[in-house]
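J.: need the 3D shape of this:
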Amino acid sequence: MSIDLLGPEPIYRQIAAVIAQRIEDGTYGPRRAIPSEAALCAEFDVSRNTVRAALRVLAEQGLIVSVMGRGTFVKGDGQAAANE
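T.: A predicted model of the protein is given here:
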């Protein structure tokens, strides 16, 4: 899946869709870290604000969780209980 810079869908939503697809297909497994913001910026050649907007969408969808000082992880069974 590639990013369409000239298409009607916002770039951050396209990036969120790519990451969601990777979560669904197992590229990023449950309770495992996804690439850092810096790595995602480099991969998609976008600003940090764009990546953060994409990650916000994924968090709102319940697919990822950020842990201060550790990174951003794919949500897995029991994840919420472990962070409380």
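J.: so what's the spatially most central residue of the chain up against?
T.: Centroid-nearest residue in the chain, with Cα atoms, centre = their mean: L55, separated by 4.4 Å. With contact taken as Cβ atoms under 8 Å, 6 or more residues apart in numbering, L55 is in contact with A16, I19, E37, I64, S66, T72. For the C-beta atoms, the positions are set from N, CA and C on the backbone; glycine is no exception.
J.: show residues contacting the host helix or strand of the first one.
T.: If you go by DSSP states H and E, A16 is part of helix 11-24. When contacts are defined by Cβ under 8 Å, 6+ apart, helix 11-24 is touched by residues 1, 3-5, 7, 28, 34, 40, 44, 46, 50-51, 53-55, 57-58, 61, 63-64, 74.
J.: which ones among these lie within strands?
T.: Among the contacts of helix 11-24, the residues falling in strands (DSSP state E) are I64, V74.
J.: all helices of this protein, in order?
T.: 11-24, 37-44, 48-60, 79-83 (DSSP state H).
J.: taking the mean pLDDT, what do you get for the shortest one?
T.: The predicted model assigns helix 79-83 a mean pLDDT of 46.
J.: quick one on the thing from earlier: got a quick PyMOL command for the buried subset of the contacts of helix 11-24?
T.: Command for PyMOL, covering only those of those found buried under the criterion 16 or more other Cβ atoms under 10 Å:
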select buried, resi 28+34+40+44+46+50+51+53+54+55+57+58+63+64+74
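J.: for K75, give me its contacts.
T.: Taking Cβ under 8 Å, 6+ apart as the test, what K75 contacts is P30, R31, G62, L63, I64, V65.
J.: widest-spaced pair of those?
T.: R31 and G62 (14.0 Å; Cβ to Cβ).
J.: tell me which of these two has more neighbours.
T.: Taking neighbours as other Cβ atoms under 10 Å, R31 and G62 compare with R31 leading, 13 against 10.
J.: so the more buried one is in contact with R70, correct?
T.: No - taking Cβ atoms under 8 Å as the definition, R31 is not a contact partner of R70, at 11.6 Å.
J.: check contacts around the nearest residue to T72 once chain neighbours are set aside.
T.: Closest residue in space to T72, ignoring its immediate chain neighbours: S66 at 4.7 Å, by Cβ to Cβ, 6 or more residues apart in numbering. Residues counted as contacts of S66 (Cβ under 8 Å, 6+ apart) are L55, A59, T72, F73.
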